[in-house]
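*Asks:* Next come a sequence and a model predicted from it.
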Amino acid sequence: MPPDEQLLVVLGAAVLVIGLVVTVIQWLLVHWVVLLAVLAIGAVAGTRWVQRRQQRARWEQAQTRALRYALPQLDALHHREFEHAVRELMRRDGCQDAVQVGGGGDLGADVKATDPFGRRWVIQCKHRRGGDSGAAVGTPDLQVLNGTARPVHGADVVVLVTNGRVTKPGVAFARTQHLHLVDRRVLAMWASGSQPLWTLLGAVPPPRRPMP
């Protein structure tokens, strides 16, 4: 297309755009009430959307704080669901970054979380379908956890959670290695109430930062 024709096309397009803009402005000046009504409707809709988001956030927070599990509920879970339940309990306690990471190659960590005091928690979950009547958690499981929780995962607090029981040698090993055990008795207290896990365990490391 010759340059003169290109210039005419551009000018024609510009004239059309300017004409359209002028027409819209003139229409809005004549029908300003309609414009105000549209703006008012938009403002109301936006406000309601924000309010719904805020209400939903408050509801979700309330649901999290009210989270409770009974032991029969925990016993009936699949082992992966048990890990999810432990993650949700940590979130209830204020660990907003709690994640379930268990699976192949988890290197002993099923749940990781940072508590409101800045401490890093690494938790291994051992679910027993039969509860106390299931196989007890022994020293080998604790040795795996002890070998990876601090050097690999950077844990400040290392915990094994089970809905069953721990062998006496396992309890002794955990004590010497500063591992925390949440057996069926402690789990029942933790899961059925709103008390954070760190208040149920003794000798946890000091906070890294003040409570917000």
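*Replies:* Received the coordinates, thanks.

*Asks:* which parts of stretch 197-207 are buried?
*Replies:* Neighbour-count burial for stretch 197-207 flags 197, 198, 204 (criterion: 16 or more other Cβ atoms under 10 Å). Using the backbone N, CA and C atoms, a C-beta is placed for each residue, glycine as well.

*Asks:* Kindly apply the preceding question to stretch 72-88 instead.
*Replies:* Buried-residue list, stretch 72-88, by 16+ other Cβ under 10 Å: 74, 75, 77, 82, 83, 84, 85, 86, 87, 88.

*Asks:* The fourth one is in contact with residue 163, isn't it?
*Replies:* Read it as residue 82. Yes: using Cβ atoms under 8 Å, residue 82 is in contact with residue 163, at 7.1 Å.

*Asks:* Pull up the overlap in contacts between these two.
*Replies:* 74, 127 (Cβ atoms under 8 Å, 6 or more residues apart in numbering).

*Asks:* ok, back up a step: greatest separation within the buried residues of stretch 72-88: which pair is it?
*Replies:* 75 and 87 (17.9 Å; Cβ to Cβ).

*Asks:* Now for this protein, the helix or strand with the poorest mean pLDDT.
*Replies:* Here the helix or strand of the chain ranked lowest by mean pLDDT, DSSP states H and E is helix 32-65, holding a mean of 63.

*Asks:* Now the helix or strand just after that one: average pLDDT?
*Replies:* Remark: after helix 32-65, the chain's next helix or strand is helix 71-75, criterion DSSP states H and E. Here helix 71-75 scores 94 as its mean pLDDT.

*Asks:* what's the distance between helix 71-75 and the middle of its chain?
*Replies:* 22 Å (Cα atoms, centre = their mean, to the nearest Å).

*Asks:* tell me what it is packed against?
*Replies:* Applying 3 or more Cβ pairs under 8 Å, 6 or more residues apart in numbering; DSSP states H and E, one finds that helix 71-75 contacts helix 184-192.

*Asks:* hmm, 10 Å instead?
*Replies:* Counting contacts by 3 or more Cβ pairs under 10 Å, 6 or more residues apart in numbering; DSSP states H and E, helix 71-75 is packed against helix 79-92, helix 184-192.

*Asks:* Please enumerate residues in contact with the helix or strand just after the first one?
*Replies:* This means helix 79-92. Downstream of helix 79-92, the next assigned helix or strand under DSSP H and E is strand 99-100. With Cβ atoms under 10 Å, 6 or more residues apart in numbering as the test, strand 99-100 has contacts from 80-88, 90-91, 106, 109-113, 123, 125.

*Asks:* Direction included, what does the next helix or strand after strand 99-100 pair against?
*Replies:* As assigned by DSSP H and E, the chain's next helix or strand after strand 99-100 is strand 111-114. Applying DSSP bridges to the sheet, strand 111-114 is found paired with strand 99-100 (antiparallel), strand 120-126 (antiparallel).

*Asks:* one step back: ok, of the buried residues of stretch 197-207, which one's closest to residue 129?
*Replies:* Nearest to residue 129 out of the buried residues of stretch 197-207 is residue 197 (Cβ to Cβ; 23.1 Å).

*Asks:* Which pLDDT does the model give the closest residue to residue 143 other than its chain neighbours?
*Replies:* Once flanking residues are discounted, residue 143 sits nearest to residue 173: 7.3 Å by Cβ to Cβ, 6 or more residues apart in numbering. Predicted confidence (pLDDT) for residue 173: 97.
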